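[1] any chance you can model this:
(2 chains)
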Amino acid sequence: MIEVERVSKDFGGTSALREVTFSVERGAITGLLGPNGSGKTTLMRILAGFFPPTTGQVRVAGCDAAQQALALRRKIGYLPENVVLYPEMRVRRFLEFCADVRGLERRRRTQCLERVVLDCGLQEVSSRRMGTLSKGYRQRVGLAQALLHEPEVLILDEPTVGLDPGQVVEFRGLIRALRGHKTVLLSTHIVPEIDLTCDRVIIIDRGRIVAEDSPQALSQRIGGTQRTVLRVEGPAEAIGDRLRRLPGVDRVEALQGKDAGDSGVAEFIVFSRAGEAVPKAIAAAVVAQGWGLIEVRPSPPSLEELFVRLVDHAAPGAVH
Amino acid sequence: MPRPAQCTDVTFFALFRKELSAYFISPLFYLVTAVFLCLSGYYFYTDLIFFVTFGFGMNILENFWQLLLVDLRLVMLLCIPLLTMRAFAEEKKLGTLELLLTYPVRDSELLLAKFAACAVVCTLMLGGTLLYPIYVYTLQPFAVLPLVASYLGLCLLALSFIACGLFVSALTDSQVVAAVATTGVLLLGWILSWNEAATSPALVRVLAHLSMFDHFQNFTRGIIDAQDVGYFACFVALFSFLTLRVLESRTWRGRR
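    Numbering: from 1, shown residues only, chains lettered A, B, ... in the order given. Predicted coordinates for the structure are as follows:
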């Protein structure tokens, strides 16, 4: 659905994107992850038909971004990074305007409007001026205008920035509901967001793709080490010593929980070689000593760690 | 599915309506029009008194209308930049330009919609001054056609101001900068042919050809010269072309 081939973008001498290649399949939700200034927004603007790439080829829903920009723009919905809309316009009037600019005929316009107002929860604000809306509602209006003409492809630039936690959860729900019938590419620099919503993740840094895979597969790539989080009621030092002597355990880290002293609950992270049944052995050992086992939980390495590792010390391009 | 021609019309009218309603929603248009009509009314009054006192019985076109129109163009020069300043500058500042340019909209359609809306607004504003000839005509009928030519000149001048204003507005994201710079450019276009003493006679002739106001002068005499009309058409075309190039510059210039 989205094909990006050796795309570079230069702005007067500085290059924002260098030889970026990837593709996104129909119906998938893909996350574009990267630190600020890594070229995410530039890439999204190219995909949205805002400007063409300097070199390379971009095809979205079968349209070339350089040659068929207008046709491409008809097939995508784009939510820009900063959704600041005409403050004087009322929500409903704005959506009507968007529909008219896109050339929707009257009947379809009415249907589409009703649908997005409902889907994005805009019933209550539809007659308010957009300048009076909260950030969350503005974001929803932004999403509404992107969904209005039932585009095949949605391009969302940092869709959850500035929303409160409740709204973020709601927003993710909205986006997840699109899985299967819309192709979604969303960018973010918030790692858990990718974990929660995306089928695939593309990590971009300094204008290059440094990794591309499913979130799970990428997490495993950091692999080799298995981590188990443990909370036990009992003497912290003795427990630590016992854990260290277990077979397969490499390292034990004691966490200084704020309730550690008072309640006698100690918290540890146990690092062990992958594949060993360490959590089971830990549980058995703790119980055998008569300590109170409160929690044993395998903790997979997070995407966040991978992100930091890839972006920080990988020479660009080395991982891919 | 492919209905490009119809689509384009719908798109254009949607943009045009949006631009037009943006003018009527904001108090700026009313304020500018009020100031314009106050100042031009003041000029009408003083010029009329002047004519009645000193020029009574002489040619009304030369001794009254021509003076008034020359004064009106100054008021227009001060007012029109305030109407064009927000065109692109505001959309750039808000970030709505980015959104619009990911819609199936050609840059030229966007420019045309803004130009047309501004032209309508300026025509309305100028329309207010039609009261003066109507009033004078009821007192003392005069030859109307030369004045029609003058108004045509005034409209062409307004269109040129708009084209220039839109261009400057596209260059910046500050409305104040757009207004001040537009006024500066237009004022330069006026005083360009004033410096007889400082430039060689040949250069003055060239500058006079370039000056908008010298071309406007003919219209106020009741003369519609193809050369002058052509001049204003070229002026509008040149600035529209430049505006499109500025919009296009997003493809190679980094913003933010």
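
[2] surely A:D157 is in contact with A:M44?
    Yes. Counting by Cβ atoms under 8 Å, A:D157 does reach A:M44; the two are 4.8 Å apart. Yep, even glycine has a C-beta here, placed from its N, CA and C like the rest.

[3] who touches both of those two?
    Residues touching both A:D157 and A:M44 by Cβ atoms under 8 Å, 6 or more residues apart in numbering or on different chains: A:78, A:187.

[4] please compute how far stretch B:76-86 lies from its chain's middle.
    8 Å (Cα atoms, centre = their mean, to the nearest Å).

[5] could I get it in PDB with only the CA atoms?
    Extracted as PDB, the C-alpha positions of stretch B:76-86 are listed here (Å, rounded to 0.1, in the frame of the first residue of the first chain):
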ATOM      1  CA  MET B  76      -6.300  52.200  -1.100                       C
ATOM      2  CA  LEU B  77      -2.600  51.900  -0.800                       C
ATOM      3  CA  LEU B  78      -2.900  52.100   3.000                       C
ATOM      4  CA  CYS B  79      -5.900  49.800   3.300                       C
ATOM      5  CA  ILE B  80      -5.400  47.000   0.900                       C
ATOM      6  CA  PRO B  81      -2.300  45.600   2.500                       C
ATOM      7  CA  LEU B  82      -4.300  45.200   5.600                       C
ATOM      8  CA  LEU B  83      -6.700  43.000   3.700                       C
ATOM      9  CA  THR B  84      -4.100  40.900   2.000                       C
ATOM     10  CA  MET B  85      -1.800  40.400   4.900                       C
ATOM     11  CA  ARG B  86      -3.500  37.500   6.400                       C
END
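
[6] buried residues, that stretch. List them.
    Going by neighbour count (16 or more other Cβ atoms under 10 Å in any protein chain shown), the buried part of stretch B:76-86 is B:76-86.

[7] which of those residues fall in helices?
    If you go by DSSP state H, these have B:76-84, B:86 in helices.

[8] among these, which one lies nearest to chain A?
    B:R86 (11.2 Å; Cβ to the nearest Cβ).

[9] gap between that closest one and B:V177?
    Distance, B:R86 to B:V177, by Cβ to Cβ, to the nearest Å: 12 Å.

[10] next, count neighbours for residue 173.
    The chain I'm using is chain A. A:G173 has 10 neighbours, counted by other Cβ atoms under 10 Å in any protein chain shown.

[11] not quite, I wanted chain B
    18.

[12] give me the nearest residue to it, chain neighbours excluded.
    The shortest distance from B:D173 to any non-neighbouring residue, by Cβ to Cβ, 6 or more residues apart in numbering or on different chains, is to B:K92 (3.9 Å).

[13] helix or strand for B:E90, just tell me which one.
    helix B:86-94 (DSSP states H and E).

[14] ok now do the residue nearest to B:L247 when sequence neighbours are not counted, which residues does it touch?
    With Cβ to Cβ, 6+ apart as the criterion, B:L247 has its nearest non-adjacent residue at 4.6 Å, and that residue is B:D107. Neighbouring residues of B:D107 by Cβ under 8 Å, 6+ apart: B:101, B:244, B:247-248.

[15] buried subset of the residues you listed?
    Buried among those (16+ other Cβ under 10 Å): B:101, B:244, B:247.

[16] in helices, which of these fall?
    B:244, B:247.

[17] would you format the buried ones among the contacts of B:D107 as CSV with pLDDT and distance to A:G31 included?
    Shown next, in CSV, are the buried ones among the contacts of B:D107 (pLDDT from 0 to 100; distance: Cβ to Cβ, whole Å):
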residue, pLDDT, distance to A:G31
B:L101, 89, 25
B:L244, 95, 36
B:L247, 91, 32
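
[18] I'd like the buried ones among the contacts of B:D107 as TSV, with distance to A:C63 appended.
    As requested, the buried ones among the contacts of B:D107 are exported to TSV (distance: Cβ to Cβ, whole Å):
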residue	distance to A:C63
B:L101	16
B:L244	22
B:L247	21
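
[19] nearest to B:K114 among the buried ones among the contacts of B:D107?
    Nearest to B:K114, judged by Cβ to Cβ, of these is B:L247 at 10.8 Å.

[20] which residues touch the closest one?
    Counting by Cβ under 8 Å, 6+ apart, B:L247 touches B:88, B:101, B:107, B:110-111, B:170.

[21] and if you look at B:W252?
    A:10-12, A:54.

[22] which SS class is the residue nearest to A:E158 when sequence neighbours are not counted?
    In this structure, A:E158 finds its nearest non-sequential neighbour in A:E81, 5.2 Å apart by Cβ to Cβ, 6+ apart. Three-state call for A:E81 (DSSP: H, G, I helix; E, B strand; the rest coil): coil.

[23] quick check: phi and psi at A:E81.
    phi -60, psi -50 (degrees, to the nearest 10).

[24] and the residue nearest to the spatial centre of chain B, what helix or strand is that in?
    When Cα atoms, centre = their mean is applied to chain B, the residue found nearest the centroid is B:A158 (2.3 Å). Element membership for B:A158 (DSSP H and E) is helix B:145-171.

[25] give me the mean pLDDT for that helix.
    The average of the pLDDT scores along helix B:145-171 is 93.

[26] flag every residue of chain A that's near chain B.
    By Cβ under 8 Å from any Cβ of the partner chain, the residues of chain A that approach chain B are A:10-12, A:14, A:16, A:45, A:48-52, A:54, A:70-71, A:73-74, A:76, A:78, A:80, A:82-89, A:97-98, A:100-103, A:145.

[27] please redo it, this time with the cut-off set to 6 Å
    Contact residues, chain A versus chain B (Cβ under 6 Å from any Cβ of the partner chain): A:11, A:48-51, A:70, A:73-74, A:78, A:80, A:82, A:84, A:88, A:97, A:100-101, A:103.

[28] filter the residues you listed to the buried ones?
    A:11, A:48-51, A:70, A:73-74, A:78, A:80, A:82, A:84, A:97, A:100-101, A:103.

[29] confidence-wise, which of these comes last?
    Lowest pLDDT among those: A:V84, 74.

[30] what's the angle from the next helix or strand after the helix holding B:A158 to helix B:145-171?
    Note on helix B:145-171: by DSSP H and E, the next helix or strand toward the C-terminus is helix B:175-191. Put simply, helix B:175-191 runs at 140 degrees to helix B:145-171, going by axes from the mean of the first three to the mean of the last three Cα atoms, to 10 degrees.

[31] could you check the angle helix B:175-191 makes with the helix or strand that comes right after helix B:175-191?
    Following helix B:175-191 in sequence order, the next helix or strand is helix B:201-210 (DSSP H and E). Per the same axes, to 10 degrees, the angle that helix B:201-210 makes with helix B:175-191 is 130 degrees.

[32] ok, now which ones touch A:Q145?
    By Cβ atoms under 6 Å, 6 or more residues apart in numbering or on different chains, the contact set of A:Q145 is A:C98.

[33] ok, now A:G34?
    Taking Cβ under 6 Å, 6+ apart, one finds A:40, A:204-205 in contact with A:G34.

[34] and the gap between it and A:A16?
    From A:G34 to A:A16 the distance is 12 Å (Cβ to Cβ).

[35] where does the prediction get shaky in the stretch 151-300 of chain A?
    Applying pLDDT under 70 to the stretch 151-300 of chain A flags residues A:219-225, A:256-263, A:274-276, A:300.

[36] sketch out the helices for chain A, chain order is fine.
    Counting by DSSP H, the segments of chain A that form helices are A:40-47, A:69-75, A:91-101, A:106-119, A:135-147, A:165-176, A:191-197, A:215-221, A:236-244, A:260-263, A:278-289, A:303-313.

[37] ends of stretch A:162-182, how far apart?
    Stretch A:162-182 has an end-to-end distance of 24 Å (Cα to Cα, to the nearest Å).
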